[in-house]
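> Sequence first, then the predicted structure:
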Amino acid sequence: MLYSISLPLFATTDSVIFAGGCFWCMELPFDKLDGVVRTTSGYSGGHTENPTYKSTSSGTTGHYEVVEIEYDPAKVSYEKLLDVFWKNIDPFDDKGQFCDKGPQYRAAIFTKNDEEKKLAIKSKEALQKKLGNKVTIITEVLPAKKFYAAEDYHQNYYQKNPLRYKYYRYGCGRDNRLKQVEKIVNSEN
């Protein structure tokens, strides 16, 4: 007797890399999205192989603190991820993000193909158009480079250390500045 076995189709996932300052603070907004499978804090964009937190935070590796977001494109679009990204960074700061300063803390969108690049640039241009001449967006759209996962103690920091995470986020002024950025974006030209 022959049996027919029906195997479930596995969802195909994709991933993106965003830099938005402290990688701890970039995991939570994406983890909240239906369709995001996993967020991983790490390093990318630089020239040093196997970077560590210590080497990256020195600013000498060329790497950014980043979050890699694995997602199901059938449930959440790349455009939605871009929208969440723009709402969780200060796109006007060329020195870093919030209280974290240095090249390793700058905001950036890393794209791995022409379609992602086109969509990232389109989202940046749409935001700049909304802003008019009030202020210039300096966040870069860059080609993706190898992603290196950060040390285990950095992963899901907001879940493992909720009080320290909230204290850091408050002390760094992230939420206050995000409110200011939102007002700038939504004010009339």
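Arrived safely, thanks for sending.
> neighbours around residue 43, how many?
Neighbours of residue 43 under the rule other C-beta atoms under 10 Å: 29. Glycine gets a C-beta too; all of them are placed from N, C-alpha and C.
> That one and residue 86, how far apart?
Distance from residue 43 to residue 86, counting by C-beta to C-beta, to the nearest Å: 22 Å.
> Likewise for residue 158?
Applying C-beta to C-beta, the value for residue 158 to residue 86 is 20 Å.
> Which one of those two is surrounded by more residues?
residue 86 (20 against 17).
> and residue 116, helix, strand or coil?
helix (DSSP: H, G, I helix; E, B strand; the rest coil).
> start at 37 instead
All right, first residue 37 from here; so that's residue 152.
> Excluding chain neighbours, give the residue nearest to it in space.
Computed as C-beta to C-beta, 6 or more residues apart in numbering, the closest residue to residue 152 that is not its neighbour in sequence is residue 114, at 6.4 Å.
> got a list of what that neighbour touches?
50, 52, 152, 155 (C-beta atoms under 8 Å, 6 or more residues apart in numbering).
> Let me know the closest of those to residue 199.
residue 52 (29.6 Å; C-beta to C-beta).
> any chance you could map the helices in the protein?
59-67, 89-93, 114-122, 150-167, 193-196, 198-207, 210-222 (DSSP state H).
> now these in TSV, with mean pLDDT and distance to residue 184?
Below are these laid out as TSV (pLDDT from 0 to 100; distance: least, C-beta to C-beta, whole Å):
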stretch	mean pLDDT	distance to residue 184
helix 59-67	97	12
helix 89-93	97	9
helix 114-122	98	20
helix 150-167	97	20
helix 193-196	97	17
helix 198-207	96	22
helix 210-222	96	24
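> from those, which stretch is densest packed?
Greatest average neighbour count among the helices of the chain goes to helix 59-67 (a mean of 22), per mean count of other C-beta atoms under 10 Å.
> Now do it against helix 210-222, angle only.
Interaxial angle, helix 59-67 versus helix 210-222 (axes from the mean of the first three to the mean of the last three C-alpha atoms, to 10 degrees): 60 degrees.
> so what does helix 59-67 touch, helix or strand wise?
Other elements packing on helix 59-67 under the criterion 3 or more C-beta pairs under 8 Å, 6 or more residues apart in numbering; DSSP states H and E are strand 72-80, strand 100-107, helix 114-122, helix 193-196, helix 198-207.
> do that again at 6 Å, thanks
strand 72-80, strand 100-107, helix 193-196 (3 or more C-beta pairs under 6 Å, 6 or more residues apart in numbering; DSSP states H and E).
> No more questions from me, cheers.
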